[in-house]
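*Asks:* Dropping a prediction and its sequence here:
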Amino acid sequence: MLTTHVQKFLELSTGRGYQCYGDNEDPNQFYVIPATPTYKRTGGNALDFTVTKYDPGPGKEGGGFCTFTVVLPFPNPQEQDQIKQLLSKELNPQLEQRAKNIVEMLEAYKKQPQGEWKTLSKNLGYTDQQVDALAKTYQPAQGWQQFIPTNVKLNAVPFTQTKTELLLKDSNSRLILPNPIPPKPSGFGDNNTIFNLELTENGATFLEKALKEGEGGSIAGIRYEMSFEAVLPPAEVTVFYKSSEVASFARTIDRNVWGQATEENIKKQLEQKQTYGVKVGPVLGQGWTPEQKNKLEQELRDWGNKQLTNILKNQTEGLDISNLGQHFQKNPDKVSEVLSKTVDINITYSESRAVEQTIFPQLQLPTISNILKADGLSGNELQKALDNYFKAYNLVDDFYRDKTLQIVVNGDFEKLKISYVRVDIEYLGCKTSDRNKTVLFEAKGKPEPSPNGGENKKNPVMWSYGIENGQPVQTCSYTYEIGYANGKTFKTPQAQKIDGSVLNINIQDIGIARANIKGDNIDWQLVDRAQVTYKFEPDGLSPIEKKITLTQAKPNADEFVEPLLVAKPVPVKYHTEFVLKDGSRFVYAPGSQKEKVDWATDYKTDIYIEPPFLAPRTYTILPSGLDSNVRLIASTLKYTVPALGDFTINFPVTFQNSSEPKSWKVPTFPASMTPKLEYDTQIFFNDATHSQYQGSALVGQSLIFVGIPQEKLLNVGIDETGLQNFAERFERIKVQLLYEDAKNEIRKDDENKFVFQSGDNKIVDRWSVPLKDPLLKSYKYRLLIRHKAVFNGAGLNLYWPLEFKTETSSNLDLSEIIKNDAEIAAANGKFLLKVTAGNLFQYEPNYVAIAVNIEYGSQRSRLVLNPQQPVQYFVAERLTTGAIGTYKWLAQIKKKDNSMEYHPSDATWISSTDAVVNLESVLDVWGAPPSPGSGSGTGSGSGTGSGSGTGTTSGLSDFDF
């Protein structure tokens with residue numbers, strides 16, 4: 001589907017500009033729309049344009065016609081090639097960043113299906129189904145480049161609604177006579193729009209001068225209004241309305257004083273009080289400029305205002321809250337009554353949903369001479385061409401004594417399933433049997449094809465002018481009949497009259513029941529099926545009601561088209577019964593909030609079916625009070641939505657001999673629907689007794705405990721998720737816990753239950769103790785740490801704290817307890833030093849290894865670091881006297897060519913009290929190794945250094961790598 005996540009405006013070498021949009025699923029698919037309309041060209045490259053003036057003779061008013069076609073042309077093959085090249089170049093920053101984000105999302109999805117990929121997919125605008133589909137085709141070896149377009153395809157934008165208008169100020173129709181049927185774009189292809197203007201005598205003269213010659217543009221313009229469905233970039237749009245505040249404000253309005261200033265003041269005060277409005281969250285598109293984000297934010301705000309207006313109109317019998325002052329002036333009592341019945345609105349529309357976008361391509365029409373000059377014409381050739389476009393006729397001549405009526409049928413025969421359109425015309429100026437004529441338009445493939453462009457062979461129709469009171473009669477009456485493919489027909493109930501020379505029949509304005517039900521936005525991981533009931537209720541006719549079922553295999557229904565045979569549009573009413581995977585079901589119509597709405601109403605053809613879900617929430621369920629005395633905990637959780645007729649999702653869960661958490665994925669609903677989360681729990685004890693507990697939990701929390709109520713339980717979370725570099729520092733950490741209640745003879749100790757191993761996933765475990773005294777919630781803890789440092793040939797065991805420590809917190813965060821390894825080792829009588837190369841071996845690929853000599857008191861050790869083992873620990877018995885925390889160190893570096901370098905460069909010892917030697921940060925000065933005998937001492941082996949940081953390598957041989 002078209003998405004505004006990826007978009008770019010391109011200006012071609014031809015001077016034409018095109019707006020390009022990407023596709024939400026296919027990276028190679030793009031949709032293009034020209035920035036400005038233009039005159040249509042016919043087969044010989046001539047303009048589809050004519051201005052005709054006529055002179056009926058002395059004493060009679062003349063006039064004329066202006067007929068032209070404008071288009072929003074799809075690019076020609078040469079332009080398409082240029083667009084494809086520019087898209088690859090201009091969109092590269094957006095596309096590359098988006099492609100990298102897609103890879104990041106898929107990698108996260110692959111590693112942890114319930115993890116952070118949800119946030120990434122949200123930012124990219126993908127549904128869960130789309131992520132799953134991408135994951136199946138994802139090739140990790142191809143990297144992000146696989147999501148960059150390699151074979152760009154261009155399509156026209158699929159428009160849902162189209163309008164066009166002539167921009168020409170003409171008050172009181174002094175130039176152009178009114179046309180009861182306005183021109184309308186075709187809605188597909190080049191969006192041809194035919195303008196047939198009947199002109200007054202002054203209008204014919206004026207438009208000839210204005211459109212014929214002159215530099216620059218003419219005084220007339222064309223404006224299209226084109227709407228289409230698009231997936232928006234990630235953002236949240238919240239619409240709100242505070243019913244009590246609006247109703248209260250209405251009661252304060254002075255009904256005795258009124259005027260325009262009063263109406264404007266009411267609107268201003270409502271906005272200042274923030275009683276209703278739209279809030280737009282940050283836009284999360286990739287590679288966007290601030291200007292693009294600001295523009296999109298305004299588009300989202302405009303769209304939100306439309307949603308809010310429609311919802312309020314359903315609540316207020318069509319009242320427009322933005323014009324409350326005008327409504328209040330007309331009928332204040334009625335307005336107050338309606339407002340008192342409204343309910344609060346607070347709806348957050350999730351990102352990346354399909355919404356209707358509207359664009360307004362427009363053009364100041366250039367003069368015909370300017371266009372012809374650009375085509376290379378000049379002199380006599382230019383004048384001859386102009387004469388073909390601007391013609392004048394003297395109707396006194398016999399040749400021009402005919403009444404002519406051109407008939408134009410606007411509408412897509414194929415989409416509307418129309419077989420034919422028959423137009424019966426009667427010319428009121430004709431007194432013979434020839435006054436009645438028929439023109440037939442048939443669908444493609446019929447003997448006389450004509451929909452969407454081709455003219456019927458008998459069109460236009462002509463009569464000899466009839467004269468009444470010395471004037472030619474202009475009036476015709478007409479009826480028309482539409483025949484549909486299913487055999488039904490519609491005929492205008494009575495004849496209508498036309499004085500002009502062009503009859504436009506917009507067959508799409510006839511009442512047609514048309515619905516295109518789409519379920520692309522349904523989360524099929526939660527929903528098993530969705531049964532949509534929709535109906536049309538035309539006045540005076542039997543209603544039409546249909547039911548269709550959407551599934552993951554078939555998320556979109558076949559388009560429904562049925563003639564209603566009435567001359568006005570009829571809205572579709574619909575609601576949906578959603579059946580979830582667990583069999584639970586509910587009926588929903590968009591607009592349901594605190595008051596239930598039975599049917600949603602829409603005039604659009606494309607109906608997107610969406611359940612009122614927020615982002616699904618996964619609840620983690622844990623047993624509360626499961627210990628050796630408990631045989632079984634059985635609970636039923638209920639998620640209930642009162643606004644949907646007490647719709648309930650049940651989730652039974654049991655715990656027996658294991659506290660392993662259970663997950664429950666729930667399609668959550670807005671707070672305005674007042675969802676509730678309740679549970680009914682039974683605990684069965686080993687002594688054959690049992691207890692029952694009922695209660696509720698906060699809908700917004702993610703952790704739910706079932707079993708003994710929390711107020712009757714000591715419940716401690718043991719959290720190791722914040723520990724940094726666990727695998728590098730520790731082999732395991734054992735948490736010892738103790739609870740004592742001497743008065744009630746309770747003692748519970750767990751010394752071996754909670755053991756966190758190196759390499760485990762980061763987890764949070766829990767310890768619970770049933771209480772008899774709910775006020776006594778203190779406990780004791782101690783950690784036994786097996787460090788990665790080696791001492792006397794084995795791992796280093798450390799207690800922390802040395803004795804059990806009393807604690808009252810319900811969260812035992814190990815990262816807050818274990819902050820400094822050296823400090824903990826010191827408390828256990830050990831000196832601990834960490835030596836790390838960091839990323840040095842990556843930055844210096846010529847280094848093979850680094851040997852670090854450590855001297856602490858009389859204890860010395862050599863630690864060898866290499867790319868496979870960039871971290872080492874030095875452990876010694878802690879000194880009791882002297883410089884207890886001071887040590888000395890010296891580093892040698894072996895390179896690939898077997899040469900050596902020292903740090904410091906003069907091979908002297910460095911004295912330090914730091915708990916870490918970080919070679920990446922300190923090895924910034926390098927020197928050649930000293931020549932033999934350059935040290936101040938002699939000897940070999942492991943000897944001892946001299947001084948307190950200024951000694952040399954006396955007695956220090958080359959390290960054995």
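*Replies:* Good, I have the coordinates.

*Asks:* which outside residues touch stretch 421-431?
*Replies:* With contacts defined as CB atoms under 8 Å, 6 or more residues apart in numbering, stretch 421-431 is touched by 403, 405, 407, 409, 435-441, 461, 463-468, 472-483, 495, 503, 505, 507. Placement of C-beta: from N, CA and C, glycine included.

*Asks:* 7 Å instead, please
*Replies:* Stretch 421-431 is contacted from outside by 403, 405, 407, 409, 435-441, 461, 463, 465-466, 472-473, 475-482, 505, 507, using CB atoms under 7 Å, 6 or more residues apart in numbering.

*Asks:* Could you give me the ChimeraX syntax to select whichever of these are buried?
*Replies:* Command for ChimeraX, covering only those of those found buried under the criterion 16 or more other CB atoms under 10 Å:
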select :403,405,407,409,435,437,439,440,441,461,463,465,466,472,473,476,477,478,480,482,505,507
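
*Asks:* Look up the residues forming beta bridges with I649.
*Replies:* According to DSSP bridges, the partner residues bridging I649 are Y639.

*Asks:* How about N196?
*Replies:* Applying DSSP bridges, one finds that N196 bridges with T67.

*Asks:* could you give me the average pLDDT of the top helix by length along the chain?
*Replies:* If you go by DSSP state H, the chain has its longest helix at helix 290-315. Across helix 290-315, pLDDT averages out at 75.

*Asks:* Tell me how many other residues crowd E225.
*Replies:* Using other CB atoms under 10 Å, E225 is surrounded by 15 other residues.

*Asks:* so what's it closest to, chain neighbours aside?
*Replies:* In space, and not counting its chain neighbours, E225 is closest to K163: 4.1 Å by CB to CB, 6 or more residues apart in numbering.

*Asks:* how close does the one you found sit to P185?
*Replies:* Plainly put, K163 is 7 Å away from P185 if you go by CB to CB, to the nearest Å.

*Asks:* Which one's more surrounded, the two?
*Replies:* Just comparing K163 and P185: by other CB under 10 Å the higher neighbour count belongs to P185, 24 against 16.

*Asks:* Surely the residue nearest to E225 touches S227?
*Replies:* No. Shown here, K163 and S227 do not form a contact pair, counting by CB atoms under 7 Å, at 8.7 Å.

*Asks:* quick revisit: could you pull out the buried residues of the longest helix of the chain?
*Replies:* Neighbour counts over helix 290-315 (16+ other CB under 10 Å) mark 292-293, 296-297, 299-300, 303-305, 307-309, 311-312, 315 as buried.

*Asks:* do stretch 677-696 as well
*Replies:* Result for stretch 677-696 [16+ other CB under 10 Å]: buried residues 677, 679, 681-683, 693.

*Asks:* any low-confidence regions in the stretch 301-450 of the chain?
*Replies:* Applying pLDDT under 70 to the stretch 301-450 of the chain picks out residues 314-332, 334, 341, 349-354, 395-401, 444-450.

*Asks:* for it, what spans make up the strands?
*Replies:* 345-349, 354-359, 362-366, 390-394, 402-410, 418-427, 436-442 (DSSP state E, counting those that start in this stretch).

*Asks:* do the stretch 801-950 of the chain as well
*Replies:* So, for the stretch 801-950 of the chain - with DSSP E, counting those that start in this stretch - the strands run 811-813, 830-836, 847-856, 859-865, 871-877, 887-895, 900-903, 910-912, 916-918.

*Asks:* Tell me which of those strands sits nearest to A789.
*Replies:* Nearest to A789 among the strands of the stretch 801-950 of the chain is strand 871-877; the distance by CB to CB comes to 3.5 Å.

*Asks:* For the closest one, which outside residues touch it?
*Replies:* Strand 871-877 is contacted from outside by 728, 788-791, 796, 829-836, 854, 856, 859, 861, 863, 865, using CB under 7 Å, 6+ apart.

*Asks:* go with 8 Å
*Replies:* With contact meaning CB under 8 Å, 6+ apart, strand 871-877 is reached by 728, 787-791, 796, 825, 829-837, 852, 854, 856-857, 859, 861, 863-865, 887.

*Asks:* Can you mark which positions in it are buried?
*Replies:* Within strand 871-877, the residues that count as buried by 16+ other CB under 10 Å are 871-876.

*Asks:* Identify the residue nearest N744 in space, chain neighbours excluded?
*Replies:* K772 (4.2 Å).

*Asks:* which residues of the stretch 1-150 of the chain score low on pLDDT?
*Replies:* 43, 57-59, 94, 112-116, 123, 125, 149-150.

*Asks:* now the helices for it?
*Replies:* 77-90, 92-111, 117-124, 128-137 (DSSP state H, counting those that start in this stretch).

*Asks:* Now stretch 231-251 - C-alpha only, PDB.
*Replies:* Extracted as PDB, the C-alpha positions of stretch 231-251 are listed here (Å, rounded to 0.1, in the frame of the first residue of the first chain):
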ATOM      1  CA  VAL A 231       0.000   4.500   5.400                       C
ATOM      2  CA  LEU A 232       1.400   7.400   7.500                       C
ATOM      3  CA  PRO A 233       4.900   7.500   9.000                       C
ATOM      4  CA  PRO A 234       5.000   6.400  12.700                       C
ATOM      5  CA  ALA A 235       3.300   9.000  14.900                       C
ATOM      6  CA  GLU A 236       0.600   9.000  17.500                       C
ATOM      7  CA  VAL A 237      -2.500  11.300  17.000                       C
ATOM      8  CA  THR A 238      -4.700  11.800  20.000                       C
ATOM      9  CA  VAL A 239      -8.100  13.400  19.700                       C
ATOM     10  CA  PHE A 240      -9.800  14.600  22.800                       C
ATOM     11  CA  TYR A 241     -13.100  16.200  23.900                       C
ATOM     12  CA  LYS A 242     -14.100  17.100  27.400                       C
ATOM     13  CA  SER A 243     -17.900  16.900  27.500                       C
ATOM     14  CA  SER A 244     -18.500  18.200  31.000                       C
ATOM     15  CA  GLU A 245     -16.300  21.300  30.400                       C
ATOM     16  CA  VAL A 246     -17.900  22.100  27.000                       C
ATOM     17  CA  ALA A 247     -21.400  21.700  28.500                       C
ATOM     18  CA  SER A 248     -20.500  23.800  31.500                       C
ATOM     19  CA  PHE A 249     -19.000  26.500  29.300                       C
ATOM     20  CA  ALA A 250     -22.200  26.600  27.200                       C
ATOM     21  CA  ARG A 251     -24.300  27.400  30.300                       C
END
